[in-house]
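>>> Model the structure of this input:
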Amino acid sequence: MLVMTAAVLMYGMSRAEDGASLCRAVVCTLVMIPSAVLDCIYGKLYHRLSFCLAAAGLLLAAAQGMAGGGADSVLWSLAGGGLFGLLMLIVFVLGRGSMGFGDVCFAAGLGTFIPFAYVLLAFFLTFALGGVGAVLVYAAGAARGRETAGRLPLGPFLAASCLLSILHGEEIVRWYLGTGQGRMG
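Have a look, this model is predicted:
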């Protein structure tokens, strides 16, 4: 787990465009990696870790707001957590047991780190990455002659989509919209 965390942090440091993105990526990674690993091992996302994640996101937003003069950064952080959590709550209710409530709490915690403009991107990336992961797990099981029954943890895909949205959100949206190299307004 330490090696994975170090690798993600090194990637974040090499890809962050500014200090705020780097800080969000580093702090978020330090809390989200253990949660994602525990989800893989035990099939659970622990609410206490998700609440710590949300608290860290809000504290970081407050610190960045004070440093940069943006008093509304905590509100945007809360809005991001609320929107990501609400979207996952809708999936939780409609999915009727296909995912646990821990995923909802984890998404809300992660949403406090994601720039608000990229929360929808993180939501869609979660299920795109999860779909690819499910296909790969199914294909690997089929290649071994096994039937793949069981659950695929969503936590690692939530964590990956969060980090991608923090570090590459603007690039992904520009690519999707086909708007070239200009900065988003």
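>>> what's near enough to touch Ser50?
Residues near Ser50 by CB atoms under 8 Å, 6 or more residues apart in numbering: 35, 102, 105-106, 108-109. To be clear about C-beta, it is placed using only N, CA and C from the backbone, and glycine gets the same treatment.
>>> Grab the most central residue of the chain for me.
Computing the C-alpha centroid of the chain and ranking residues by CA atoms, centre = their mean puts Cys162 first, at 2.5 Å.
>>> Assess the claim that that residue and Cys28 are in contact.
Yes. If you go by CB atoms under 8 Å, Cys162 and Cys28 touch, sitting 6.4 Å apart.
>>> intersection of neighbour lists for these two?
110, 113.
>>> What score does the closest residue in space to Phe101 that isn't next to it in sequence have for pLDDT?
Excluding its sequence neighbours, the residue lying closest to Phe101 (CB to CB, 6 or more residues apart in numbering) is Phe92, at 6.3 Å. Looking at Phe92, its pLDDT reads 95.
>>> count of neighbours near Phe92?
Residues near Phe92, counting by other CB atoms under 10 Å, number 19.
>>> cool, and the one 10 residues further on?
Counted with other CB under 10 Å, the neighbours of Gly102 add up to 22.
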